[in-house]
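**Student:** Whatever this is, show me its structure:
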Amino acid sequence: MKIVHVIASLDPARGGVPAVAMRLAAAQGGLGQAVHIVAHDEVDAGPRIQQALEDVPGLKRVRLHYLPLPAGLDRLFARATRRPLAEIVAGADAVHIHGVWEPILRQAAIVSRTSGIPYCVAPAGMLDTWSLAQKRWKKRLALALGYRRMLDGAAFIHVLNRDEADIMMPLRLKASDRIIPNGVFLDEIAPVRRAGQAPLDTLLRGRRYILFLSRLHYKKGLDVLADAFARIASQWPDVDLVVAGPEGGAGEAFRRTVEAAGLGSRVHMVGGLYGPDKIAALRGADCFCLPSRQEGFSVAITEALACGVPVVVSRQCHFPEVATEGAGIVVDLDAAAVAEALSAVLGDPLGARRMGRKGSALVEQRFTWPVIAEESLKAYATMPRSAER
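**Tutor:** Alright, predicted model coming up:
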């Protein structure tokens, strides 16, 4: 089977979508499929992208295609990408579009429809209520100018869980949905043998820490986390907070908040962590916390669970298995509730270890990329092949 994944960017600083697309493609390649990835060529992000590519097990089986970034007015439509996309997509059995609001993705849908090749769209949380409320008028205009056609013409909408499907219902999309979650490669989260120290070893010098690992964006709830940590800091003087992730517009406000609370020396903003450094940071944490305002299916939460770390997450992360499987605590998006949950984990080491074991077992059973790749191939097999949908 020839499968083509289309994504605007492979830069890990753009959020979790690149990581998901690359790993799903690599897992499908590991099952013997002919897999391609198409993305824009971003020269400035080259080193980050190269490191991300090297971090993904089995990605060498996947053929990568880079298309130039559109210039001038073509940034709105990316018409120049249509011909190269058609050449790459030719003969494909399935096209998998990752994201929504990018012209290259819309062009991929147009090429697929006109070629009679079925495609699916993975919105990655971009169509939930919170996301649609951001720049609302622009998104409404985009839907009217072609993005609704992209969504309605899909063989199915790839949702990450039932919550995501339910939240999209007000859009009344014509395409049906198919649940295919995210996952991890167990090889990636195996204990790492190092010649030297991990970055946090030198920084923390053995102190306990809570870990936030995500893009520093308002929707990730950094303001809630700052308030929650301030509430418990005096109760747990031996615990620091590590905030790891690329800047997304909320970093400076967070920094000012913790400085104003007198916690600057106990809050460490370490930038993006990738590969072995990220896994070492997860394995060393006493607790992982993501009080997000919106998530589709967080890779970071899944990786934390796989590493045996108890997690505290908001209900808006849409990961109910954390609570049902006893792998952590799911709370309302409220600083007091987050603080109470963090204290519960920090104050019960035996219970935290039990949570960690349950989390790693959950991931091994249900959320590994080879298992998810099999699910995706079954979903592709149901897609009708027809001209101009």
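
**Student:** could you pull out the helices for the stretch 51-200 of the chain?
**Tutor:** Residue ranges of the helices in the stretch 51-200 of the chain, as given by DSSP state H, counting those that start in this stretch, are 82-89, 103-115, 129-133, 136-142, 148-152, 162-167, 199-204.

**Student:** quick check: mean pLDDT across the helix or strand just after the last one?
**Tutor:** Pointing back at helix 199-204 there. Heading C-terminal from helix 199-204, the first helix or strand you meet, by DSSP states H and E, is strand 208-213. The pLDDT scores in strand 208-213 average 96.

**Student:** now for strand 208-213, which elements pack on it?
**Tutor:** Using 3 or more Cβ pairs under 8 Å, 6 or more residues apart in numbering; DSSP states H and E as the contact criterion, the elements in contact with strand 208-213 are helix 222-232, strand 239-244, helix 275-284, strand 287-290, helix 299-306, helix 335-346. Glycine gets a C-beta too; all of them are placed from N, C-alpha and C.

**Student:** any idea of the angle that strand forms with helix 275-284?
**Tutor:** With axes from the mean of the first three to the mean of the last three Cα atoms, to 10 degrees as the criterion, the two stretches strand 208-213 and helix 275-284 enclose an angle of 130 degrees.

**Student:** Near the nearest residue in space to E54 that is not next to it in sequence, how many other residues are there?
**Tutor:** In space, E54 comes closest to G275 once its chain neighbours are excluded; the distance is 7.6 Å by Cβ to Cβ, 6 or more residues apart in numbering. The local packing of G275 (other Cβ atoms under 10 Å) involves 14 other residues.

**Student:** ok, G275 to W101 distance?
**Tutor:** Counting by Cβ to Cβ, to the nearest Å, the separation of G275 from W101 is 29 Å.

**Student:** And stretch 276-291, how far out from the chain middle?
**Tutor:** Distance, stretch centre to chain centre, for stretch 276-291: 16 Å (Cα atoms, centre = their mean, to the nearest Å).

**Student:** go on, stretch 324-337?
**Tutor:** For stretch 324-337, the distance between its averaged C-alpha position and the chain's averaged C-alpha position is 20 Å (Cα atoms, centre = their mean).

**Student:** how close does C317 sit to W137?
**Tutor:** 28 Å.

**Student:** Would you confirm that H65 contacts V38?
**Tutor:** Yes. Counting by Cβ atoms under 8 Å, V38 is a contact partner of H65 at 4.7 Å.

**Student:** So between the two, which is more surrounded?
**Tutor:** Neighbour tally, H65 and V38, criterion other Cβ under 10 Å: the higher count belongs to V38, 23 against 15.

**Student:** Quickly list what the more buried one is bridged to.
**Tutor:** The residues listed as beta-bridge partners of V38 by DSSP bridges are V6, H65.

**Student:** Quick check: pLDDT value at it.
**Tutor:** At V38, the predicted lDDT confidence score is 94.

**Student:** for the one 4 residues further on, same thing?
**Tutor:** At E42 the predicted local distance difference test score is 78.

**Student:** before we move on, what about M168?
**Tutor:** Reported pLDDT for M168: 86.

**Student:** Neighbours of it, how many?
**Tutor:** Neighbours of M168 using other Cβ under 10 Å come to 21.

**Student:** is it true that it touches M126?
**Tutor:** No. At 9.8 Å, M168 and M126 do not qualify as touching, with contact defined as Cβ under 8 Å.

**Student:** right, and A327 touches A352 too?
**Tutor:** No. Judged on Cβ under 8 Å, A327 makes no contact with A352 at a distance of 10.6 Å.

**Student:** shared neighbours of these two, anything?
**Tutor:** Shared contacts of A327 and A352, defined by Cβ atoms under 8 Å, 6 or more residues apart in numbering, are found at P310.

**Student:** pLDDT weak spots in this structure?
**Tutor:** Confidence mapping of the chain against pLDDT under 70 gives the ranges 191-198, 386-389.

**Student:** Could you chop it up by domain?
**Tutor:** Domain assignment of the chain by automatic domain parsing yields the ranges 2-183+369-381, 199-366.

**Student:** Spatially nearest residue to D41 (excluding sequence neighbours)?
**Tutor:** The shortest distance from D41 to any residue that is not its chain neighbour, by Cβ to Cβ, 6+ apart, is 3.7 Å, and that residue is Y66.

**Student:** ok, the residue lying closest to L211 once chain neighbours are set aside - how many residues close by?
**Tutor:** Across the structure, with Cβ to Cβ, 6+ apart as the measure, the residue nearest L211 apart from its sequence neighbours is A285 (3.9 Å). With neighbours defined by other Cβ under 10 Å, the count for A285 comes to 22.

**Student:** Then the one 10 residues further on?
**Tutor:** The burial count assigned to E295 is 29, neighbours taken as other Cβ under 10 Å.

**Student:** residue contacts, the spatially closest residue to it that is not a sequence neighbour?
**Tutor:** Excluding the flanking residues, the one nearest E295 by Cβ to Cβ, 6+ apart is C317, at 4.3 Å. Residues near C317 by Cβ under 8 Å, 6+ apart: 290, 292, 295, 298, 301, 330.
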